[in-house]
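*Asks:* Sequence plus predicted model, see below.
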Amino acid sequence: MSEILAKLTDILEARKSAPADDSYVAQLYAQGLNKILEKVGEEATETILAAKDEDESALIKETADLWFHTLIMLSHMNLSAADVLEELERRFGLSGLEEKTSRNND
């Protein structure tokens, strides 16, 4: 896992036990999964709009926000970027069509 993802994973894990007034992430954890999912959806929409506008700078920033909030969602569910990377590694070398077919059989 990349160094930055490892650092973020550690920070997100630490925020789970922090008081809600100590950090934005702690506030999201305290507000629960629905609020976290709302933020992921909001950031996904903003990412799509930045891409549609072909605004590269905004697209990078919005994608960073989307990834960050997705990491919060994963952490809230006791998962991490490492779990996602493991799944991507599993798919490596499969064509997209093969991978989709394998999901339909699960």
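*Replies:* Cool, got the structure. Residues are numbered from 1 along each chain as shown.
*Asks:* and the gap between the most centrally placed residue in the chain and A64?
*Replies:* Note on the chain: the residue nearest the mean C-alpha position is T70, at 2.0 Å, using CA atoms, centre = their mean. Distance, T70 to A64, by CB to CB, to the nearest Å: 11 Å. In this view, the C-beta of every residue, glycine as well, is placed from N, C-alpha and C.
*Asks:* Surely the residue nearest to the centre of the chain is in contact with E42?
*Replies:* No - the pair T70 and E42 does not pass the contact test of CB atoms under 8 Å, sitting 11.9 Å apart.
*Asks:* gap between the strand or helix carrying A51 and the chain center?
*Replies:* Assigned by DSSP states H and E, A51 belongs to helix 33-52. From the chain centre to the centre of helix 33-52 is a distance of 10 Å (CA atoms, centre = their mean, to the nearest Å).
*Asks:* Give me the below-cutoff pLDDT ranges for the chain.
*Replies:* Applying pLDDT under 70 to the chain picks out residues 1, 96, 98-100, 103-106.
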